[in-house]
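> A predicted structure for the sequence below; I have some questions about it.
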Amino acid sequence: MGLLTTLLFFPVAGPVAGIRWSLSKVQSVVEEELTDDTPVKQDLMELQMKFELGDITDAEYAEQEVVIMARLREVREWRERFGRPTTGGPVRVAHDDDKG
Amino acid sequence: MPAPILPESEGLSVSGTSDDGKYVYCIIRSDRSHDFGTIGIGGGQRVFTVAYRDLAAVVSDTPIVIYDPTRENVLAHEFVNETVMREHTVIPMSFGTVFRSDDDVTELLRSTYQAFSDVLDKMRDKIEFGLKVLWNREKVIANLEHENDEIRRLKDEINRHTSSSTYFARMQLGRLIEGALEEMGTRYVADIHEALKAVAVASRSNKPIGDRMILNAAFLVERAQEHSFDERVKETSRRYEDLLTFKYSGPWPPYNFVNIKLKLEKAD
């Protein structure tokens, strides 16, 4: 969440001069960061790989899995809030006779 | 219908109260009903089929929830698919797919009947194997130094002089090694693909995971060729015994070769 941190600490952390974000631009960048699950999925795959190779123990795996699952849920919640599609979960099926 | 047992809270976020949900593992061709036993996700639910004409969805009862891809949940999903594929050609569903009712599952089979039929025909008697190849960087570099004259010469030079003038030689050596490593990696990957090409129907390369992996691939193999594929992988891994580690898994359902995206809000 690099950029998000920068944005949150913006007034404290950075020189403001010359940087003009339009509000919508900031929003879309933030939305992009909040709803991107690629890094979390990458981390999960790396964790699984480490476990498979015996680099980490069962307990270490379990401990880190909890953290990654929490991050995944967070991203999912943001995706739902921004109306973006999510993978897994309940599928809504529209039947021919009850469309609309 | 037995009351669904609510699994322990971990790995689940409950977003509804309905109990008639169906977790879908895969689609098979079958005109009779099946019971695959109590091996389902969420603490050993009974796994059975919901049929439409000669297609069937392999499902288990579930509350309407979102399943986290925890190791436990993913293994349950995979275990069901492995069990079913022993006797059937399967189209695997992606992890976590939950339908609200039997009717919704039937509607999926009805509205996508033709597509599922076609894919089942194409995937008939085919299985998937996963192959991840990691290299032992130190050994590969040692090997490089042995074989590459220029690298050896530079290294000797650096070892003879200890003064700061060797800084540039070191930089050059680093660059040389990086370049040679990349070349080696590409060559290994090409060699492995070449060795397996004759015994596989198709292959797909995924993004390597972590920095030691040079190949992360899936191979689609005819069931009848399973043994030859197996042999060929072992033979290839022996050839690179010290340098590369082969992580070989399967048989899997063709996860990497069937891509059915469920966008069912507008079923037609």
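Yep, that arrived. Residues are numbered from 1 along each chain as shown, chains lettered A, B, ... in the order given.
> chain A contacts on the stretch 51-200 of chain B?
Neighbours of chain A within the stretch 51-200 of chain B, by CB under 8 Å from any CB of the partner chain: B:64-71, B:94-100, B:103-104, B:107-108, B:132, B:134. Where you see a C-beta, it was placed from the backbone N, CA and C, and this is true even at glycine.
> those in helices, which ones?
Applying DSSP state H to these, the entries found in helices are B:71, B:103-104, B:107-108.
> inside strands: which ones of the residues of the stretch 51-200 of chain B next to chain A?
B:65-67, B:97-99, B:132, B:134 (DSSP state E).
> are any of those buried, and if so which?
B:65-67, B:97-99, B:132, B:134 (16 or more other CB atoms under 10 Å in any protein chain shown).
> give the burial count for the residue of the stretch 101-250 of chain B at minimum distance from chain A, as a bare number.
Using CB to the nearest CB, B:Asp104 is the residue of the stretch 101-250 of chain B that sits closest to chain A, at 4.1 Å. Other residues lying near B:Asp104 total 23 when counted by other CB atoms under 10 Å in any protein chain shown.
> please report how far it lies from B:Ile151.
The spacing between B:Asp104 and B:Ile151, counted by CB to CB, to the nearest Å, is 62 Å.
> B:His193 too?
B:His193 is 27 Å from B:Ile151, by CB to CB.
> now the stretch 51-200 of chain B against chain A: closest residue?
B:Gly96 (2.5 Å).
> residue boundaries of the helices in the chain?
If you meant another chain, say so; for now it's chain A. A:2-8, A:10-13, A:23-35, A:38-52, A:58-81.
> oops, I was thinking of chain B
According to DSSP H, the helices that chain B contains are B:71-85, B:102-111, B:113-122, B:137-147, B:149-160, B:166-197, B:226-239.
> and the buried ones among the ones in strands among the residues of the stretch 51-200 of chain B next to chain A, which two are the farthest apart?
B:Phe99 and B:Leu134 (38.7 Å; CB to CB).
> can you count the residues close to A:Pro39?
Applying other CB under 10 Å, we find 12 residues neighbouring A:Pro39.
> could you do the one 4 residues further on as well?
Around A:Asp43 sit 15 other residues, with neighbours defined as other CB under 10 Å.
> which residue packs closest to it, ignoring adjacent ones?
Nearest non-adjacent residue to A:Asp43, counting by CB to CB, 6 or more residues apart in numbering or on different chains: A:Ile68, 5.8 Å away.
> next up, the contacts around the one you found.
A:40, A:43-44, A:47 (CB atoms under 8 Å, 6 or more residues apart in numbering or on different chains).
> as TSV, those with pLDDT would be great.
Below are the contacts of A:Ile68 laid out as TSV (pLDDT from 0 to 100):
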residue	pLDDT
A:Val40	92
A:Asp43	93
A:Leu44	93
A:Leu47	94
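> need the buried ones from those residues selected in PyMOL.
Applying 16+ other CB under 10 Å to the contacts of A:Ile68 leaves a buried subset, and the PyMOL line that selects it is:
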select buried, chain A and resi 40+44+47
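> need the pLDDT of residue 22.
Using chain A. On pLDDT, A:Ser22 comes in at 59.
> you answered for a different chain; I wanted chain B.
At B:Lys22, pLDDT is 95.
> is it true that it touches B:Val105?
Yes - counting by CB atoms under 8 Å, B:Lys22 touches B:Val105, with 5.3 Å between them.
> joint contacts of these two?
The contact lists of B:Lys22 and B:Val105 share B:50, B:57, B:59, B:99, where a contact means CB under 8 Å, 6+ apart.
> which of those tops the neighbour count?
Within these, B:Phe99 tops the neighbour count with 28 neighbours, counted by other CB under 10 Å.
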